[in-house]
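Student: sequence plus predicted model, see below.
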Amino acid sequence: MAAFELIRRADLEAIPVSFPDPFLVDRLAPYFERRQEGGTLYYQTLKEAPVAQYNRDTAALADITANAIAAATTSFACKEVRARISMSYDQVRGYYSQEDADIAMAKLAKRAFYLKLEGLCANAILDPGEGTPADATADPVGVIDAAQAELRDKAYGTGKIALTLSHYNFAALKKNAQVIERMKATGVFTDGLAPRYITAEQLAAIFGVDEVLVGADITWRHGIVDTDAKGYAALSVLPDPEVDCSAEPQWARTIIFDWGGDADHYELLGFENPINHSQNLDAVGIVDFKELNADMKSVVKLFDVDASTSGE
């Protein structure tokens, strides 16, 4: 490999990688591949459901009520997301083979790339915008149940509502006295069972949501820009990733430039740097995150966060 010559590593792109925690971005704001790096995105906004006409005077050929529908538009401009992993020559020699060293770098580059996309999603969905989050610190069951009920009429596509929060907040929420009492009433939680054994599925049942999605703290807590938002959770309508956002209202989409060919979301580019005696691998993608219907999410405050301990 010539010095500083970028070599596409399609072989490493094809290697499957498993992560400690599932990324949630593709569930909350599915990937939307586009052949342009920028342009116009058509999407459906939330509208009042039209009412069908009833008992029209067909003999008199009375006018038929037409309910017009039109997609809204927003511009998008994808930006480069690049994760570079570097390994010194002596570290490379510590592996069984060059291939093993390349795989190690590829896995880390892929994780870094998707962590950036996950971070864009987490910060967007936990942002209450101009409003303030509903305070669920004293009554998490009641507040979350009320929030999901308000979203039900907006649950297009899958018809499912998800509660999304960090591992840290998930563990803390299971210790809440109100949550524990509600769990006892379900018959699946007994006094002899520690709160840590409460599952996401059980929490979903008592909160009235369809799914509880738990995100890695590296993104959903430590990676949150707004300190207060580290104590937040979000309820949102889960979209059908197979349905275009111009066909039905969706909360958000993650727009990714479609490289074409066999590249999936990113390209892996390798090069040697003889100056600092290292091998390097870049995961490069072109991405934009677009919130389309802010009313399809609801932010709740689970805990007050002390700025001095927000990084715990």
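Tutor: Happy to help now that I have it. Only a predicted model underlies this, so the values are computations on that prediction, with no experimental measurement involved.
Student: now do the helices in this structure.
Tutor: 10-13, 25-28, 89-93, 98-125, 140-151, 167-173, 177-186, 200-207, 217-220 (DSSP state H).
Student: how far off centre is the longest one?
Tutor: Which is helix 98-125. Averaging C-alpha positions (CA atoms, centre = their mean, to the nearest Å) puts helix 98-125 14 Å from its chain's average.
Student: residues of it that come out buried?
Tutor: Buried residues in helix 98-125, counting neighbours by 16 or more other CB atoms under 10 Å, are found at 101-111, 113-125. Just so you know, the C-beta spots here come from the backbone N, C-alpha and C atoms, and that holds for glycine as well.
Student: for stretch 135-151, same thing?
Tutor: For stretch 135-151, a neighbour-count test (16+ other CB under 10 Å) marks 136, 140, 141, 143, 144, 147, 148, 151 as buried.
Student: stretch 156-168 now?
Tutor: Quick answer for stretch 156-168 (16+ other CB under 10 Å): 156, 157, 161, 162, 163, 164, 165, 166, 168.
Student: got these as TSV, with pLDDT and distance to residue 31 columns?
Tutor: Output for these, formatted as TSV (pLDDT from 0 to 100; distance: CB to CB, whole Å):
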residue	pLDDT	distance to residue 31
156	83	19
157	80	16
161	97	21
162	98	17
163	98	22
164	98	17
165	98	22
166	97	22
168	96	27
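Student: just the closest of the buried residues of stretch 135-151 to residue 174, please.
Tutor: Compare each of the buried residues of stretch 135-151 with residue 174 using CB to CB and the shortest gap goes to residue 140, at 10.6 Å.
Student: on that earlier part again, quick one: which of the helices of the chain is nearest residue 41?
Tutor: helix 98-125 (15.4 Å).
Student: so for that closest one, what's the average pLDDT?
Tutor: Here helix 98-125 scores 95 as its mean pLDDT.
Student: same deal with stretch 227-234?
Tutor: Stretch 227-234 shows a mean pLDDT of 97.
Student: list the buried ones in that stretch?
Tutor: Buried residues in stretch 227-234, counting neighbours by 16+ other CB under 10 Å, are found at 228, 229, 230, 231, 232, 233, 234.
Student: again with stretch 287-295
Tutor: Quick answer for stretch 287-295 (16+ other CB under 10 Å): 287, 288, 289, 290, 291, 292, 293, 294.
Student: with pLDDT and distance to residue 29 as extra columns, can I get these in JSON lines?
Tutor: As requested, the buried residues of stretch 287-295 are exported to JSON lines (pLDDT from 0 to 100; distance: CB to CB, whole Å):
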{"residue": "287", "pLDDT": "97", "distance to residue 29": "11"}
{"residue": "288", "pLDDT": "97", "distance to residue 29": "11"}
{"residue": "289", "pLDDT": "98", "distance to residue 29": "7"}
{"residue": "290", "pLDDT": "97", "distance to residue 29": "8"}
{"residue": "291", "pLDDT": "97", "distance to residue 29": "8"}
{"residue": "292", "pLDDT": "97", "distance to residue 29": "9"}
{"residue": "293", "pLDDT": "96", "distance to residue 29": "11"}
{"residue": "294", "pLDDT": "95", "distance to residue 29": "12"}
